[in-house]
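[1] from the sequence below, what's the structure:
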Amino acid sequence: MLDIKFVRENPDIVKENIKKKFQDSKLPLVDEVIELDKKAREIQQEADELRAKKNSIAKQIGALMAQGKKDEAEEVKKEVAKNAARLAELEKIEPEVREQLKSKMMIIPNIIDPTVPIGKDDSENVELEKFGEPLTPDFEVPYHTDIMEKVNGIDLESARKVAGNGFYYLMGDIARLHSAIISYARDFMIDRGFTYCIPPFMIRSNVVTGVMSFAEMDAMMYKIEGEDLYLIGTSEHSMIGKFIDTMNPEENLPYTLTSYSPCFRKEKGAHGIEERGVYRIHQFEKQEMIVVCKPEESPMWFEKLWKNTVDLFRTMDIPVRTIECCSGDLADLKVKSFDVEAWSPRQQKYFEVGSCSNLGDAQARRLGIRVKGKDGKYFAHTLNNTVVAPPRMLIAFLENNLNEDGSINIPEVLQPYMGGKTVIK
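    Numbering: from 1, shown residues only. Below you'll find the model as predicted:
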């Protein structure tokens, strides 16, 4: 959410930013917000004046009564009653106006970084850099679920009976490999100085609306019926929510946390054939990283975060590349975002396995995450990034470590987490 003072003083910049995100339908919101802000400030000013007047009139009545001027005192009392009625009316209207203002403010997208490429959708995202040489084996690489089934590593049919489409049973060495990757990612991030955390897997609605846009919320979140709780779609939500309504000493920043959690997503919409199996599912597990820092440090942390994911994948010899999301592909709260994509030998292309985002002070402003510094108080900046999200990451892993006989090599860094195994047969 933007600072209302910024919107009031820079309406043209806010409108131009909306145009860059190709959301022209939101342009009227800027003028509506400015008008509501003006109305809210006028109401507050009038109410403050009436409260101040109330105190001075009370003294005036007391003086008139002391002088025996009862008639004049009664007239003044009528004015007091009239003012009290008006004040009560204003005190009822003001919260309603401010709620309207806040609701509209939360729909206006954040100001994107000047370096973000302008484009309508993900087809106009920009490749930045490749890491590792994409290899193509001289044998046909099967679909990832076929690879798993050959080693008795997955049961989709039973999962459909138990929970429906979008769920799975991972079995045997594949299930163990899944857990090994999560454990390795946890230790990888701890070694890089991040504090490990297991957060709540459900969050309240005020946290949901604090960390994401209404459109994202509708597309992703599962609500617990009859309770003010949602299943998390990613642990970054409860991790950022950890700091809701806090005043943080500047000297304590940055907070760098890495978290494990299951994730639950609706995944609305139709998807292509390559997104079957365990690519796009309703339940998965993930290792995440978040940073809460000073505004001037957020660009530096953004660079560090996406490089952590690249480095993790390269330790397992999986080729990856970074993609910068264009303006039209940025969620409304994001200032800047990179996707990390892994190479698929089967598809002969890269596919997304992680996303790194700088949200500026948008989440902090919504959630009330403040910092107390030597020069005053301000809102923190928040960032997040995927460390690794199996089982999707397993697709890249299996395809890049598959042998012609169907066996799967286990990279050296994962072998301690697999009981010393070097290959899955």
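[2] pretty sure A175 sits against G153.
    Yes: with contact defined as CB atoms under 8 Å, A175 counts as touching G153 (7.0 Å). (C-beta placed from N, C-alpha, C; glycine too.)
[3] the more surrounded of those two?
    G153 (23 against 15; other CB atoms under 10 Å).
[4] show me which residues of stretch 253-273 are buried.
    L253, P254, Y255, T256, L257, T258, S259, Y260, S261, C263, F264, R265 (16 or more other CB atoms under 10 Å).
[5] for the stretch 1-150 of the chain, which segments count as helices?
    Counting by DSSP state H, counting those that start in this stretch, the stretch 1-150 of the chain has helices at residues 4-9, 11-20, 27-66, 70-105, 144-150.
[6] which one among the buried residues of stretch 253-273 gets closest to T309?
    Comparing those against T309 with CB to CB places T258 closest, at 11.7 Å.
[7] what pLDDT does the closest one get?
    For T258, the pLDDT comes out at 98.
[8] just the element for it, please.
    Assigned by DSSP states H and E, T258 falls within strand 255-264.
[9] and that strand, what other elements does it pack with?
    helix 172-191, strand 195-197, helix 235-241, strand 283-293 (3 or more CB pairs under 8 Å, 6 or more residues apart in numbering; DSSP states H and E).
[10] for L367, see how far away D329 is.
    Applying CB to CB, to the nearest Å, the value for D329 to L367 is 24 Å.
[11] what's the answer for K377, then?
    15 Å.
[12] more crowded one of those two?
    L367 (24 against 10).
[13] hmm, that one is touching V208, no?
    No: using CB under 8 Å, L367 is not in contact with V208; the gap is 10.7 Å.
[14] look at I318 and give its secondary structure.
    Assigned by DSSP: H, G, I helix; E, B strand; the rest coil, the conformation of I318 is coil.
[15] settle this for me: Y378 is touching V371, isn't it.
    Yes: in this structure, Y378 is within contact of V371 by CB under 8 Å, at 5.5 Å.
[16] quick one, which of those two is more surrounded?
    V371 (24 against 15).
[17] skipping adjacent residues, who's closest to S235 in space?
    Once flanking residues are discounted, S235 sits nearest to S261: 3.6 Å by CB to CB, 6 or more residues apart in numbering.
[18] let me redo that: V340
    In space, V340 is closest to G354, 4.1 Å off (CB to CB, 6+ apart).
[19] give me every residue that touches that neighbour.
    The contact partners of G354, taken as CB atoms under 8 Å, 6 or more residues apart in numbering, are W306, T309, D339, V340, N385, T386, V387, V388, A389.
[20] one more time with 7 Å, if that's ok
    For G354, the contact set (CB atoms under 7 Å, 6 or more residues apart in numbering) comprises T309, D339, V340, N385, T386, A389.
[21] what's the closest of those to M171?
    A389 (19.7 Å).
[22] for that closest one, the count of nearby residues, please.
    22.
[23] state the phi and psi torsions of it.
    In terms of degrees, to the nearest 10, the main-chain angles of A389 are phi -130, psi 80.
[24] and it, what's its pLDDT?
    For A389, pLDDT reads 93.
[25] verify the contact between it and F284 for me.
    Yes: with contacts counted by CB atoms under 7 Å, A389 reaches F284, the gap being 6.3 Å.
[26] quick check, the residue nearest to S235 in contact with I232.
    Yes: using CB under 7 Å, S261 is in contact with I232, at 6.3 Å.
[27] shared neighbours of the two, anything?
    Counting by CB under 7 Å, 6+ apart, the residues touching both S261 and I232 are F201.
[28] what's the offset of whichever helix or strand R321 is part of from the middle of its chain?
    For R321, the element it lies in under DSSP H and E is strand 320-324. On the basis of CA atoms, centre = their mean, to the nearest Å, strand 320-324 sits 19 Å off its chain's mean C-alpha point.
[29] and it, what's buried?
    Those would be V320, R321, T322, I323, E324, for strand 320-324 by 16+ other CB under 10 Å.
[30] ok, stretch 238-252 next?
    S238, M239, I240, G241, K242, F243, I244, N248.
[31] nearest to K26 among those?
    I240 (24.2 Å).
[32] from E94, how far off is the residue nearest to E79 when sequence neighbours are not counted?
    Nearest residue to E79, sequence neighbours excluded (CB to CB, 6+ apart): I57, at 6.7 Å. Remark: distance between I57 and E94 (CB to CB) = 22 Å.
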